[in-house]
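S.K.: using only what follows, build the 3D model:
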Amino acid sequence: MLNHRKELLIIVSIIIVSYFLISIVVTGFLYFFSDASISPLAALMENRVLMLSVNSLSILMFISPYFYVKKLNHYSIKLFEVYSIPIALIILSTLFFMVLNSVVIEWNKSIVFPEFMNGFESWAYNKEKELEKITIFLVSFEDNWEYFFGILTIAIIPGICEEYLFRGVFQRNFYLISKNIHLSILISAFLFSALHLQFYGFFPRMLLGILFGYVYFWSGSLIYPIIGHVFNNFFSLSIFYFSRKGYMGDDFSLSVNSAPDIPFLVTLISFLVFLFLMYSFKKYFNEHK
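M.R.: Residues are numbered from 1 along each chain as shown. The predicted model follows:
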């Protein structure tokens, strides 16, 4: 166990060093190529493609432990065992889970803190508004070229990098330490959500992390949570883009941090379908081991 705790310390240290190195490179680049009279963030807010690129570069730090982890035999991350049936099941499961998670999204947004936590509430609210402004700018694509670039930088790259770190590395490490798969899934999902620094989206994002954690545990392959994660991000940004362009009708509108108003019956049916899909996914791998 001590060795696995040491591994965790090394992994976290690698990520921290990578974060500072990337920050230095990005800040230096912005100061060199942008107007010195404005801040780096202001410079990014003037160029969506540049901000998307910088965002992707920062997310790449999540795969920085690769060269250390690949030397350790107990981190066996399978990527290439791909089968059509579980791919279909994970895509459909993620879709129906998004319907269920809309209830959690609205509940999370409505949380009111006790008076002694006013300081945290104020910080969380201000941080949410700041990140919401950045998110709206990132996904307000002007044309199809920016939309396709957004798919790469918001859906594909984060889906791969975040699942590699939080499921492939952290979840495995926490399991080696605790010998409890449910606890390791919960902790890695908690970190996955916490590092986004958005409390008013904390619980729905954590639940998504738990879903992908069990998908990885049941399948033994990281490709399926990656597919689910990529699809979740792709679907969300596509709905926002198409609604903003008016392709979904004049009466349809969607905010980046809000969920559509879904009838209770639809939510209930989605829950039952989701359970059936997850049962089928788990059963498939139980029968094909």
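S.K.: show me the shaky parts of the stretch 1-150 of the chain.
M.R.: Residue ranges of the stretch 1-150 of the chain with pLDDT under 70: 1-2, 32-45, 80.
S.K.: those strands in it, which residues are they?
M.R.: Using DSSP state E, counting those that start in this stretch, no strands are found in the stretch 1-150 of the chain.
S.K.: looking at this, Tyr279 is in a helix?
M.R.: Yes: assessed by DSSP: H, G, I helix; E, B strand; the rest coil, Tyr279 belongs to a helix.
S.K.: the lengthiest helix in the chain: which residues count as buried?
M.R.: Looking across the chain with DSSP state H, the single longest helix is helix 2-33. Residues of helix 2-33 classed as buried: 4, 7-8, 11, 14-15, 18, 22, 26, 30 (neighbour count, 16 or more other CB atoms under 10 Å). Every C-beta, even on glycine, is put in place using the N, C-alpha and C of the backbone.
S.K.: could you do stretch 141-157 as well?
M.R.: Within stretch 141-157, the residues that qualify as buried are 141, 146-147, 149-151, 153-157, counting by 16+ other CB under 10 Å.
S.K.: so can I have JSON lines of the buried residues of helix 2-33 showing distance to Ile105?
M.R.: Converted to JSON lines, the buried residues of helix 2-33 look like this (distance: CB to CB, whole Å):
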{"residue": "His4", "distance to Ile105": "35"}
{"residue": "Glu7", "distance to Ile105": "35"}
{"residue": "Leu8", "distance to Ile105": "31"}
{"residue": "Ile11", "distance to Ile105": "31"}
{"residue": "Ile14", "distance to Ile105": "33"}
{"residue": "Ile15", "distance to Ile105": "28"}
{"residue": "Ser18", "distance to Ile105": "31"}
{"residue": "Ile22", "distance to Ile105": "30"}
{"residue": "Val26", "distance to Ile105": "31"}
{"residue": "Leu30", "distance to Ile105": "33"}
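S.K.: show me which pair in these is furthest apart.
M.R.: Farthest pair in the buried residues of helix 2-33 (CB to CB) is His4 and Leu30. Separation: 38.8 Å.
S.K.: how long is stretch 170-182 end to end?
M.R.: Terminal residues of stretch 170-182 are spaced 13 Å apart (CA to CA, to the nearest Å).
S.K.: residues contacting that stretch, please?
M.R.: Contact with stretch 170-182 is made by 1, 4-5, 7-8, 11, 74-75, 77, 183-185, 187-188, 191, 213, 216-217, as judged by CB atoms under 8 Å, 6 or more residues apart in numbering.
S.K.: what of stretch 70-88?
M.R.: Here stretch 70-88 makes contact (CB under 8 Å, 6+ apart) with 7, 69, 164, 168-169, 172-173, 176, 219-224, 226-227, 281, 284-285, 288.
S.K.: list the ones among the residues you listed that fall in helices.
M.R.: Those of the contacts of stretch 70-88 mapping onto helices are 7, 69, 172-173, 176, 219, 223-224, 226-227, 281, 284-285, per DSSP H.
S.K.: mind putting the buried residues of stretch 141-157 into TSV with distance to Leu275?
M.R.: Formatted as TSV, those follow (distance: CB to CB, whole Å):
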residue	distance to Leu275
Phe141	35
Glu146	38
Tyr147	34
Phe149	37
Gly150	32
Ile151	30
Thr153	33
Ile154	29
Ala155	26
Ile156	29
Ile157	31
